[in-house]
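Student: okay, sequence plus prediction incoming.
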Amino acid sequence: MSLYDLRTHRIPNWCTYPLILAGMIAHFPGHIDLWLACFLLLSVWASGWMGAGDVKLWMAVLWALPDSNIPSLILLVFLSFLITSIIQFFWRFFQKQSLTGMKSPAAWRTILFLLMVWHVH
């Protein structure tokens, strides 16, 4: 999914909706932190900071993971956003691109997140 997003700048609904639905079915009602994370992701989308496809992908990933680890996973989500934002900032700086106001694919951040989840758990 991340590679597709990098190439096309799109994440298709046919990929994210089934994942969200399967995760919700498997883990309903979910942890309160999971619902809060989904609300925050939707708020980020509503403010224009992230695309809808990226938000749906992150929600799908969070719903797919076991809810017993959700509090630590939420911390890893924010840590992965912080680390990848710093990387993206330096990349744009060295490429002499605008540091703000540019939209770029964000699904690649899930790779770092899933590597951290795999390492921690």
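Tutor: Alright, I've got the coordinates.
Student: before we move on, what SS does the residue of the chain positioned farthest from its centre have?
Tutor: Ranked by distance from the centre of the chain (CA atoms, centre = their mean), the top residue is Lys96, with 26.2 Å. Using DSSP: H, G, I helix; E, B strand; the rest coil, the structure places Lys96 in coil.
Student: confidence score at it?
Tutor: Here, the pLDDT recorded for Lys96 equals 84.
Student: now do the helices in the chain.
Tutor: Residue ranges of the helices in the chain, as given by DSSP state H, are 2-8, 13-27, 32-46, 52-64, 70-94, 109-120.
Student: need the ones you listed in CSV with mean neighbour count, can you?
Tutor: For every residue, glycine as well, the C-beta is placed using N, CA and C. Formatted as CSV, the entries for the helices of the chain read as follows, by neighbours: other CB atoms under 10 Å:
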stretch, mean neighbour count
helix 2-8, 14
helix 13-27, 14
helix 32-46, 15
helix 52-64, 21
helix 70-94, 15
helix 109-120, 16
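Student: now do the contacts for Ser80.
Tutor: Ser80 makes contact with 109-110, 112-113, 116, according to CB atoms under 8 Å, 6 or more residues apart in numbering.
Student: quick check, central residue of the protein?
Tutor: Of all residues in the chain, the one closest to the mean position by CA atoms, centre = their mean is Trp58, 3.4 Å from it.
Student: thought it was touching Leu40?
Tutor: No - the criterion here is CB atoms under 8 Å, and Trp58 misses it with Leu40 at 9.9 Å.
Student: next one: the residue lying closest to Asp33 once chain neighbours are set aside relative to Ser47, how far apart?
Tutor: If you skip the residues right next to it in sequence, Asp33 has Ile70 as its closest partner in space, 4.8 Å away by CB to CB, 6 or more residues apart in numbering. Taking CB to CB, to the nearest Å as the measure, Ile70 and Ser47 are separated by 24 Å.
Student: also Ser72?
Tutor: 26 Å.
Student: can you list the weak-confidence ranges in the chain?
Tutor: Per-residue confidence of the chain (counting by pLDDT under 70) places the weak regions at 99-107, 120-121.
Student: again, only this time at 90
Tutor: Low-confidence regions of the chain, defined here as pLDDT under 90, cover residues 1-16, 19, 23-24, 26-34, 36-37, 40-41, 44-45, 47-121.
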